[in-house]
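1. what's the 3D shape of this:
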Amino acid sequence: MKSGKSRGLAGDRDPATVRRLLDALYRLLHHLGAIEASQHIKPPTVPPREWIWTGEVESSVAGLWYPDAVTGDEVTEGQTIGRIIDPIDGSEQKVAAVSTGKIIYNMNGLSVRPGTHLAAIATPHH
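-> Model (predicted):
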C-alpha cells in the first residue's frame, strides 16, 4: 500500500505501532523466560503506566448491544456509553458509565444477556 500501512482483516496497522507491539511482546517473552535476550529486546519507548480499575459495566437486560464509546475513550460517571435494543419490541435501554476514566475494554459482540460485561473503566495511577 502506498500509505505505508499494512492492511489486514482487522483493519489498518501503522508500521510504528506494529514495531512497538512486537518489541513489547519480545520483552514479555524474555521476562517469562520463554526466550533469551537478543537484539529483539528493546527498551520501552513509552514508560509503562499503572492503572487503577474503577468500574465494570454489565448488561442488566438481554438484547442487542450498540456501543457509543469505544476502547480508549475518556468517559465520565453517568455518561451514556451505549444502548441495548430489545429485538422483539424495539425498546431501548441506555447504558451509562459507572465511573470516570478511560474505557480499557469494550465488548464488541452484538447480542448480550443479563450479566454480560460491556465495558471496563480505569484511571492512571499517579
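2. just the helices in the chain please.
-> 15-31 (DSSP state H).
3. Let's test this: name the helix or strand in it with the lowest mean pLDDT.
-> strand 6-8 (a mean of 47; mean pLDDT, DSSP states H and E).
4. neighbours around T80, how many?
-> By other CB atoms under 10 Å, the residues close to T80 number 12. The way it works is simple: take the backbone N, C-alpha and C, and place the C-beta from them, glycine included.
5. pLDDT value on it, please?
-> Here the pLDDT value assigned to T80 is 97.
6. Apart from its chain neighbours, what residue comes closest to it?
-> Using CB to CB, 6 or more residues apart in numbering and skipping residues adjacent in sequence, the residue nearest T80 is K94, 4.9 Å away.
7. mind listing what the one you found touches?
-> Going by CB atoms under 8 Å, 6 or more residues apart in numbering, K94 touches 80, 82-83.
8. Can you tell me the closest non-neighbouring residue to T71?
-> Counting by CB to CB, 6+ apart, T71 lies nearest to N106, which is 4.6 Å off, once chain neighbours are set aside.
9. Quick check: the gap between that neighbour and E36.
-> As for N106, its distance to E36 is 37 Å (criterion: CB to CB, to the nearest Å).
10. cool, and A120?
-> Distance, A120 to E36, by CB to CB: 35 Å.
11. ditto for K102
-> K102 is 35 Å from E36, by CB to CB.
12. Would you mind naming the residues that bridge with the residue nearest to T80?
-> On the basis of DSSP bridges, K94 is bridged to R83.
13. Same check on H117?
-> Counting by DSSP bridges, H117 forms beta bridges with E58.
14. what about it, neighbour count?
-> 13.
15. Strands of the chain, start to end?
-> 6-8, 11-13, 51-58, 63-67, 74-75, 80-85, 92-96, 101-106, 111-112, 117-124 (DSSP state E).
16. D23 is nearest to which of those strands?
-> Nearest to D23, of all these, is strand 11-13, at 14.4 Å by CB to CB.
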